[in-house]
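Undergrad: structure here, sequence nowhere to be found:
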């Protein structure tokens with residue numbers, strides 16, 4: 001019942017927004033290329049459900065693969081950097097410099113290096129996710145106070161023992177934050193890369209529908225991508241509750 005009460009305001013707000021959109025677009029008689037009506041988008045989406053479903057499956061698969069690879073890379077680099085401070089001093093400025101460039105700037109290189117297939121989308125997603133996870137986990141691993149670290153050392157704990165018993169538990173909230181940011185960046189990176197070059201996927205479907213001046217299909221694809229992202233985010237929230245059970 002508590003969960004339902006938490007979702008109720010969101011559901012009511014969403015329904016209210018859709019109703020206002022439907023009646024507002026009808027009242028103003030807005031053409032489809034400016035703002036199609038939600039019922040028209042729903043009808044168009046149902047008519048192309050198979051096409052949208054196949055494209056969404058590819059996009060979510062690419063986003064998940066890139067997310068998993070990027071999260072593993074970012075987490076691993078953060079662990080290595082905390083154990084080897086000189087490596088952090090030499091690599092972190094480079095990481096920050098690369099992260100300051102919008103990920104979309106690397107899309108042409110990814111398409112040249114990895115082609116128009118799945119590999120380029122996974123690579124872009126992994127690149128976007130790894131930075132978010134690395135920076136957040138690294139900040140979390142540095143949260144424990146010096147006094148707590150010295151106390152563990154006085155009991156004979158080495159760098160790995162301190163990492164496992166103190167730093168890693170303290171970094172869990174930051175890890176989840178990095179995963180949440182990374183998941184959003186992963187989906188965005190995949191869709192943008194698909195729009196610039198792909199055989200299939202939601203991004204390519206949006207691009208093709210725009211070229212064909214089928215704006216209802218564009219909105220249907222956007223809604224499908226949003227729904228898929230919400231499902232992935234819901235899974236991540238469930239994992240968050242398992243990892244950080246004390247929250």
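TA: Ah, there it is. If you're wondering where the values come from, they're calculated on a predicted model, not measured in any experiment.

Undergrad: now do the contacts for the closest residue in space to residue 53 that isn't next to it in sequence.
TA: Sequence neighbours aside, residue 224 is the residue nearest to residue 53 in space, at 7.9 Å (criterion: C-beta to C-beta, 6 or more residues apart in numbering). Any C-beta I mention is one placed from the backbone N, CA and C, and that applies to glycine too. Taking C-beta atoms under 8 Å, 6 or more residues apart in numbering, we find residue 224 in contact with 45, 52, 53, 55, 56, 202.

Undergrad: so where's this protein uncertain?
TA: Scanning the chain for pLDDT under 70 picks out the ranges 1-8, 10-11, 242-247.

Undergrad: what about the helices in it?
TA: 2-28, 38-47, 49-83, 85-99, 107-114, 118-141, 146-154, 159-162, 168-196, 202-211, 215-243 (DSSP state H).

Undergrad: most tightly surrounded among the ones you listed?
TA: Using mean count of other C-beta atoms under 10 Å, the stretch among these with the greatest mean number of neighbours is helix 118-141 (a mean of 24).

Undergrad: report all helices and strands that that helix contacts.
TA: helix 49-83, helix 85-99, helix 107-114, helix 168-196 (3 or more C-beta pairs under 8 Å, 6 or more residues apart in numbering; DSSP states H and E).

Undergrad: gap between the nearest residue to residue 139 once chain neighbours are set aside and residue 181?
TA: Leaving aside its sequence neighbours, residue 139 sits nearest to residue 174 (C-beta to C-beta, 6+ apart; 5.6 Å). Computed as C-beta to C-beta, to the nearest Å, the residue 174 to residue 181 distance reads 11 Å.

Undergrad: joint contacts of the two?
TA: residue 136.

Undergrad: how about residues contacting stretch 187-205?
TA: Counting by C-beta under 8 Å, 6+ apart, residues outside stretch 187-205 touching it are 51-52, 54-56, 58-59, 62-63, 66, 103-104, 107-108, 110-111, 116-117, 120-121, 124-125, 127-128, 206-207, 217, 221, 224-225, 228-229, 232.

Undergrad: what are the phi and psi angles of residue 102?
TA: Dihedral angles of residue 102 (phi, psi; degrees, to the nearest 10) stand at phi -50, psi 140.

Undergrad: ok, now how distant is it from residue 67?
TA: 19 Å.

Undergrad: and what of residue 112?
TA: From residue 112 to residue 67 the distance is 23 Å (C-beta to C-beta).

Undergrad: outside of stretch 41-58, which residues touch it?
TA: By C-beta under 8 Å, 6+ apart, stretch 41-58 touches 36, 118, 200-202, 204-205, 214, 216-217, 219-221, 223-225, 228.

Undergrad: quick one: it to chain centroid distance?
TA: 21 Å (C-alpha atoms, centre = their mean, to the nearest Å).

Undergrad: now the terminal residues of it, how far apart.
TA: 21 Å (C-alpha to C-alpha, to the nearest Å).

Undergrad: how near is the spatially closest residue to residue 117 that is not a sequence neighbour to residue 132?
TA: Closest residue to residue 117 apart from its sequence neighbours, by C-beta to C-beta, 6+ apart: residue 199 at 6.6 Å. Going from residue 199 to residue 132 by C-beta to C-beta gives 28 Å.

Undergrad: again, but for residue 234
TA: For residue 234 relative to residue 132 (C-beta to C-beta), the value is 19 Å.
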